[in-house]
Structures are given as structure tokens and as C-alpha cells.
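Peer 1: Sequence first, then the predicted structure:
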Amino acid sequence: MPSWNTQIARLFTEQKKALEAFVTRRTGSAQVAADLTQESFLRLARLDSGEKIDNLPAFLFTIASNLVRDHQRQAIRRERMEAGEPSDELPCSTPSAVDQLAAYQDETLMHDAIGALPEATRQIFLLYHVDECSYREIAERLTISPRSVEYQLRRALIDCRAYIQARLANDAKGSRP
């Protein structure tokens, strides 16, 4: 079995460009992507070499995704600090209670529909729609073909639509006098 440093070096050679592209898409900045990619590899290299990680590339992408999330949170905090105190003269942009309830119900329904998907399909759906991975990136991470990714995404949309329609139909039947 190769040493930890050898594994990290090989991973760097194989995944650096893909990881930078992934982070660039999420941040919109090549410079930030370069920094976060480097930090991802550093954090992985600092792990105890005795820890067993089944899928190093997937773990590396998870580290990068978390770093992107942290970076975006810090950017939001900086923007809020720079904006200063809110003005009393600005109109309230908070949605009404009815709008908030409707949004919550829509979000809950979509969450339930995604939760009803088979595990593999749900994982592909979330990688594509939440983590914004390309078909090719998903295929590489899950060792499947891009065509399979495309099929699973199409299947997920069909299944989610059917789940939502069935729930709405059931809710409509239950609310009739």
C-alpha cells in the first residue's frame, strides 16, 4: 500500500484541475478557487495517515465543498458589516405570514419528494442540484457513466413530479367537505 504522502501526491495530480473547476463554479472566482483547492489538499494531508478513508476523491471534494460554504458565509458577514445598520426608512421586504407558510409547505413537499427517491438516485440528484457538479464529475465520483447520471437525473425529476402530484391530489381529497 502506498504511503500517505504518495497517495496525496497522486490525488493532487489526478484531481487538482477538477477540484479547482468545481470550486470556481461555486465561488465564481479563479483566485478564490486556487486558494480553497490548496487549502483542501492541505487539510487532507494533515489528517492522520492511519485513518481509513474509502474514497479519497469524494472526501477531498467534501472538504472543498465545506470550505466553499465557509468562504461564502464569511463573505455574507463582511457584506453585512460593510452595509452598516439597517435604515428605518426602508420598506419591509419580509414576506407575509401566508407567503412564508406557503414557501415552507412547498419546501417540505419537495424535501419529502427527494427523500422518497432511491438512495443512489437521491445522491446523484443532490450532487447535481445542490453541489452543482457536472454529469462528468458525478460520474467520476460515483464510478458510473455520464449517461447513467443523465438517466438517474431524469428519473429523479419524473419521480419527484409524480410524488408531488400524488400528495397534492391526496391533500385535495382530504380537504373536501
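Peer 2: Structure received. Quick caveat, the model's predicted, so the values are computed rather than measured.
Peer 1: Just the pLDDT for residue 84.
Peer 2: On pLDDT, residue 84 comes in at 68.
Peer 1: can you check residue 121 too?
Peer 2: In this prediction, residue 121 carries a pLDDT score of 91.
Peer 1: Quick check: what element follows the host helix or strand of it along the chain?
Peer 2: For residue 121, the host element (DSSP states H and E) is helix 119-129. Counting by DSSP H and E, the element after helix 119-129 in chain order, helix or strand, is helix 135-142.
Peer 1: Return the list of helices and strands in contact with the helix or strand that comes right after that following helix.
Peer 2: Using DSSP H and E, the next helix or strand after helix 135-142 towards the C-terminus is helix 146-174. Contact partners of helix 146-174 among helices and strands, from 3 or more CB pairs under 8 Å, 6 or more residues apart in numbering; DSSP states H and E: helix 97-115, helix 119-129, helix 135-142. C-beta coordinates here come from the backbone N, C-alpha and C atoms, glycine included.
Peer 1: Against residue 146, how distant is residue 120?
Peer 2: 15 Å (CB to CB, to the nearest Å).
Peer 1: Same question for residue 168.
Peer 2: 33 Å.
Peer 1: so where's this protein shaky on pLDDT?
Peer 2: Where the chain drops to pLDDT under 70, the residues are 1, 49-50, 84-92, 174-177.
Peer 1: hmm, back to that, just put the helices and strands packed on helix 146-174 in a markdown table and tack on mean neighbour count.
Peer 2: Putting the helices and strands packed on helix 146-174 into a markdown table (neighbours: other CB atoms under 10 Å) gives the following:
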| stretch | mean neighbour count |
| --- | --- |
| helix 97-115 | 12 |
| helix 119-129 | 17 |
| helix 135-142 | 19 |
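Peer 1: For residue 72, find the nearest of the ones you listed.
Peer 2: With CB to CB as the measure, helix 119-129 is the member of the helices and strands packed on helix 146-174 nearest residue 72 (17.0 Å).
Peer 1: Nearest residue to residue 68 in space, please, no chain neighbours.
Peer 2: residue 26 (4.7 Å; CB to CB, 6 or more residues apart in numbering).
Peer 1: what does stretch 38-46 contact?
Peer 2: With CB atoms under 8 Å, 6 or more residues apart in numbering as the test, stretch 38-46 has contacts from 4-5, 8, 11-12, 16, 19, 23, 56, 59-60, 63-64, 67.
Peer 1: Just the buried residues of these.
Peer 2: Those of the contacts of stretch 38-46 that meet the buried threshold are 8, 11-12, 16, 19, 23, 59-60, 63-64, 67, by 16 or more other CB atoms under 10 Å.
Peer 1: ok, the nearest residue to residue 12 once chain neighbours are set aside to residue 106 distance?
Peer 2: Nearest residue to residue 12, sequence neighbours excluded (CB to CB, 6+ apart): residue 41, at 5.8 Å. Using CB to CB, residue 41 is found at 39 Å from residue 106.
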